[in-house]
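S.K.: I need the structure of the sequence given here:
(2 chains)
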Amino acid sequence: MTSSFDTEKAVSREEALQPQMVTVEIAGKSFRVPAGITLMKALWYTGHEVTRGAGCLGGFCGACATYYRTKDDPKVKTCLGCSHAVEDGMSFSFAPAFPARKATYDLNALENPKQDLFTLYPEAPLCRNCNACTEACPQQIDVREGVWKAVFGDFKAVSETFMDCVMCGMCVPVCIADIAPNLVGVYASRAYGVREMKKPPGLFDRIQAIADGQYADDWERILKMSDDELQQTSATIKS
Amino acid sequence: MDIQALHDVVHNSRDARRQQTFPKLSPAERDTLIKKFHPDHREAAYRSVAFGPNEGDLTVRELASVLEGDSVVPGDLSLTPHYEADVLVVGGGGAGCAAALHAHAQGAKVLLATKLRLGDSNSVMAQGGMQIAVAPDDSPVQHFLDTLKGGHMKNDHELLKTMVEEGPSIAKWLLELGVLFDRDDDGNLHVKKGGGSTKARLLTCSDYTGLEIMRVLKDEVLNQKIQLLEFAAAVELLSDEQGACAGAVFQDLDNKRFLVAAAKTVILATGGIGRLHIQGFPTSNHYGATGDGLALAYRIGAPLVQIDTFQYHPSGGVYPEQLVGQLVTEGIRSEGGHLVNGRGERFVNELDTRDVVSSSIIRECEEGRGVRMPTGRVGVWLDTPLLEAEHGEGTLDKHFPAMVRQYARYGVDIRKDPVLIYPTLHYQNGGVKIDVNGETSVKNLFVAGETSGGLHGRNRLMGNSLLDLMVFGKRSGLTVAERVKTMTHGRLTLNHLQRFRTEAKQHRVTNQVTSPVVLPAYTEQP
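M.R.: Next up, the predicted model:
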């Protein structure tokens, strides 16, 4: 599927003509790419069609989970390919979709969400503390700690631990107990919101006030106004 | 190139600048500046649409081409359906998920299709929050007036009233799904003040409001086992013999096959247009923001509104390359950060409105006072170390930890050195014309979210997009769920496409692009 839109806007010409080039290995094949571009742009630059593994391009959606290794370092690391720069001698591969199992549940119907965790995700308490999940997290979340907090029923702490989670799933393939920590995190976090958090009274008062027509007079006054009158009314509002 | 030498211009001028006050522009000066430099006023970037429902209307050239573009679908495609649903939702962001969940909850058979993965969207990136009038000193009426003022009084009153009034019930729905909005000590929803708003009205989940909402909505779509069709791009709508919408044709992104989905009703929730890089601008938008819904709705005959206005956020990243187009928080300017040109001079009151600030940055760069980086990109400085100088060391760490991290990842220390910014294409203010239930002029075709138009006028207020998505996602979902109960499937045709092609020929439109664009053409061709 091609379009007539040119490619200049993605990798600018000036950049493409930059003399400073680096050598990287993408999925086992060597390429020369401009220094400093993101791993994602390196894919486009080297002629790869990207339909999988690209989403928000801003580091929030977790679509572009990537494994990489830098020159002479044996350690394989993880990153979000849209937000990480190429380095000379780097080797990287975009992570394929991993077949993790997501449990399905009705949070309101659960009898005891803290106990039900062990039915929905029976592998959760089998964590062997290897810490690979924490090391694999490109968001620097203490994933292992989060899983244990879920197991111990401290769902509030889980929700705080996993607030930065972009659901890239890099913690899943490394788990020797087959836990999907990010999915455990979503479950516990939602269960906390639905079952433990108090409902905000002010919100319900406001909903009731709207239903009771408390603003009807204001609306009637406002909606009758001409554009000029509205402009004046808006202009008098102090920010 | 010695970047430190460029930085030094900012460092060396800092003390002098701190003595300066920079006045806001008079209304006449603002008008002149905006007319000369705001992208919405660049006549050369605009042309009128040659034919179709908006024939003669001005819009940016990129969008005009997309609207007049031809479909990849051959006129004789076999229309035997691969999928059948009551409700077809196209798009897996906030509006799509809200629509699908509400229609499903009412018992409708829903198919949710998206060209990327469920949840890949702009919604997931929303950091600022969601405007809902819940505070005791606030009201939906106040929310209405603020939005109207922000939109230069051009907002559709009925849509806007609907949105602000349904806000609180949307907050309730999201809480019931487990979205963890920030709370005050008394358990009430914590509200923050957003630009252009007279009251604190932004509900937030720290800096991750969109991410938290999307994590929850995605999880719930999966829990409800709503049928999904991912990595399939909608490339044409289908019409029945009366001209009502009756489904869509998709193209599988992997094997390029066409897939036909018959649906009693269709809800387009395909998002914005940033990846068309209107007027060559970088964008804060996600990979798939190519205006697909506009092209699809237009070809089947739905008129669009306010397609001549876009939001360019003043502070998009320029350097390093990894941050090009991404948003840099407005908070730095709110706290007194200066904008500085390549000569070390201020050139605008940093707290002027977004359109004024964006226009002045563009002026500096076009008149040769911008800063060119080794990557070839141009921008102006945002003096972040000034905040440390003004308010004491540690200010940035304390108040802008996310931004410190955002740049530290790439070896830039914003506490010590300034950052380069340039306006970035952020939001499509206009879109497909809808009624309060999201229905377009084409029967059984609904639009929700950024693809729709009219609600935000000529400038969207911060925090109103997340609410827009939820309210009109919900309303369209509920409306179609009710309607499909008494409907049967129409006979599938491509009559509208045939009509469109005939019209293109009559208007002698040549060099038609293929639209929808689906994904930006970033891949270097041999």
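
S.K.: Mean confidence (pLDDT) on stretch B:461-470, please.
M.R.: The average pLDDT within stretch B:461-470 is 94.

S.K.: contact partners of it?
M.R.: By C-beta atoms under 8 Å, 6 or more residues apart in numbering or on different chains, the residues outside stretch B:461-470 that reach it are B:93-95, B:98, B:122-123, B:126, B:128-132, B:146-147, B:150-151, B:163, B:167, B:170, B:173-174, B:194-197, B:201-202, B:209-210, B:213, B:269, B:427, B:448-450, B:452, B:455-456. The way it works is simple: take the backbone N, C-alpha and C, and place the C-beta from them, glycine included.

S.K.: which among the residues you listed are in contact with chain A?
M.R.: Restricting the contacts of stretch B:461-470 to those adjacent to chain A (criterion: C-beta under 8 Å from any C-beta of the partner chain) gives B:122, B:146, B:196, B:197, B:210.

S.K.: Confirm that the second one lies within a helix, as I assumed.
M.R.: Yes - read with DSSP: H, G, I helix; E, B strand; the rest coil, residue B:146 is one of the residues of a helix.

S.K.: And it, how far from residue B:130?
M.R.: Using C-beta to C-beta, to the nearest Å, residue B:146 is found at 14 Å from residue B:130.

S.K.: Tell me which of these two has more neighbours.
M.R.: residue B:130 (29 against 25; other C-beta atoms under 10 Å in any protein chain shown).

S.K.: give me every residue that touches the more buried one.
M.R.: Residue B:130 makes contact with B:171, B:202, B:203, B:204, B:209, B:213, B:463, B:466, B:467, B:470 under the criterion C-beta under 8 Å, 6+ apart.

S.K.: Format those residues as TSV; extra columns: distance to residue B:24, neighbour count and secondary structure.
M.R.: Shown next, in TSV, are the contacts of residue B:130 (distance: C-beta to C-beta, whole Å; neighbours: other C-beta atoms under 10 Å in any protein chain shown; DSSP: H, G, I helix; E, B strand; the rest coil):
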residue	distance to residue B:24	neighbour count	secondary structure
B:171	35	24	helix
B:202	24	23	strand
B:203	30	28	strand
B:204	28	21	coil
B:209	30	24	helix
B:213	35	27	helix
B:463	23	25	coil
B:466	29	26	helix
B:467	29	26	helix
B:470	35	31	helix
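
S.K.: Quick check: of those residues, which lies closest to chain A?
M.R.: Of all those, residue B:171 has the smallest distance to chain A: 5.7 Å, by C-beta to the nearest C-beta.

S.K.: hmm, which helix or strand of chain A has the shakiest average pLDDT?
M.R.: Least confident helix or strand, chain A: helix A:13-16 with a mean of 46, by mean pLDDT, DSSP states H and E.

S.K.: ok, then the element right after it?
M.R.: Where DSSP states H and E defines the elements, the next helix or strand beyond helix A:13-16 is strand A:21-26.

S.K.: pLDDT weak spots in chain A?
M.R.: Applying pLDDT under 70 to chain A flags the ranges A:1-19, A:237-239.

S.K.: residue contacts, the residue most central in space within it?
M.R.: Centroid-nearest residue in chain A, with C-alpha atoms, centre = their mean: residue A:166, separated by 1.9 Å. Neighbour list for residue A:166: A:59, A:60, A:61, A:62, A:80, A:138, A:139, B:211 [criterion: C-beta under 8 Å, 6+ apart].

S.K.: and it, that one's in a strand?
M.R.: No - under three-state DSSP, residue A:166 sits outside any strand and is assigned coil.

S.K.: how about it, phi and psi?
M.R.: Residue A:166 adopts backbone torsions of phi -100, psi 10, taken as degrees, to the nearest 10.

S.K.: again, but for residue B:420
M.R.: Taking degrees, to the nearest 10, you get phi -100, psi 130 for the backbone angles of residue B:420.

S.K.: State the distance from it to residue B:341.
M.R.: Relative to residue B:341, residue B:420 is positioned 11 Å away (C-beta to C-beta).

S.K.: and if you look at residue B:245?
M.R.: To residue B:341, residue B:245 is 51 Å away according to C-beta to C-beta.

S.K.: Tell me which of the two has more neighbours.
M.R.: Neighbour count, other C-beta under 10 Å: between residue B:245 and residue B:341, residue B:245 has more, with 30 against 25.

S.K.: Tell me how many other residues surround the residue lying closest to the more buried one once chain neighbours are set aside.
M.R.: Once flanking residues are discounted, residue B:245 sits nearest to residue B:445: 3.7 Å by C-beta to C-beta, 6 or more residues apart in numbering or on different chains. Neighbours of residue B:445 under the rule other C-beta under 10 Å: 26.

S.K.: Tell me who's in contact with residue B:445.
M.R.: For residue B:445, the contact set (C-beta under 8 Å, 6+ apart) comprises B:237, B:244, B:245, B:265, B:266, B:268, B:297, B:300, B:302, B:439.

S.K.: What number of neighbouring residues does the first one come out with?
M.R.: Around residue B:237 sit 30 other residues, with neighbours defined as other C-beta under 10 Å.

S.K.: Setting aside sequence neighbours, what's the nearest residue to it?
M.R.: Using C-beta to C-beta, 6+ apart, the nearest residue to residue B:237 is residue B:300, at 4.6 Å.

S.K.: Only alpha carbons, please: show stretch B:273-285 as CSV.
M.R.: The C-alpha coordinates for stretch B:273-285 follow below in CSV (Å, rounded to 0.1, in the frame of the first residue of the first chain):
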residue,chain,number,x,y,z
ILE,B,273,-4.1,13.4,10.9
GLY,B,274,-0.6,14.3,12.3
ARG,B,275,1.3,11.7,10.3
LEU,B,276,0.3,13.5,7.1
HIS,B,277,2.8,16.1,8.2
ILE,B,278,0.7,18.9,7.1
GLN,B,279,2.9,21.8,5.8
GLY,B,280,6.0,19.6,6.5
PHE,B,281,5.5,19.8,10.3
PRO,B,282,6.8,17.1,12.7
THR,B,283,4.0,15.7,14.8
SER,B,284,3.3,14.4,18.3
ASN,B,285,0.9,11.9,16.9
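
S.K.: State the distance from the residue nearest to the centre of chain A to residue B:439.
M.R.: Distance from residue A:166 to residue B:439, counting by C-beta to C-beta: 35 Å.

S.K.: what does residue B:239 give?
M.R.: Residue B:239 sits 15 Å away from residue B:439, going by C-beta to C-beta.

S.K.: what do you get for residue B:195?
M.R.: With C-beta to C-beta as the criterion, residue B:195 and residue B:439 are 32 Å apart.

S.K.: which element is the residue nearest to residue B:311 when sequence neighbours are not counted on?
M.R.: Spatial nearest neighbour of residue B:311, excluding adjacent residues (C-beta to C-beta, 6+ apart): residue B:427 at 3.9 Å. Assigned by DSSP H and E, residue B:427 falls within strand B:419-428.

S.K.: Which neighbouring elements make contact with that strand?
M.R.: Helices and strands touching strand B:419-428, by 3 or more C-beta pairs under 8 Å, 6 or more residues apart in numbering or on different chains; DSSP states H and E, are strand B:310-319, helix B:354-366, strand B:378-383.

S.K.: CA atoms of the longest one as PDB?
M.R.: The C-alpha trace of helix B:354-366 is given here as PDB (Å, rounded to 0.1, in the frame of the first residue of the first chain):
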ATOM      1  CA  ARG B 354      -0.400  28.900  21.900                       C
ATOM      2  CA  ASP B 355      -1.100  30.400  18.500                       C
ATOM      3  CA  VAL B 356       0.900  33.500  19.300                       C
ATOM      4  CA  VAL B 357       3.800  31.600  20.700                       C
ATOM      5  CA  SER B 358       3.900  29.100  17.800                       C
ATOM      6  CA  SER B 359       3.700  31.900  15.300                       C
ATOM      7  CA  SER B 360       6.600  33.800  16.900                       C
ATOM      8  CA  ILE B 361       8.800  30.800  17.000                       C
ATOM      9  CA  ILE B 362       8.200  30.200  13.300                       C
ATOM     10  CA  ARG B 363       8.900  33.900  12.600                       C
ATOM     11  CA  GLU B 364      12.300  33.700  14.300                       C
ATOM     12  CA  CYS B 365      13.300  30.600  12.400                       C
ATOM     13  CA  GLU B 366      12.100  31.800   9.000                       C
END
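
S.K.: Cool, thanks, signing off.
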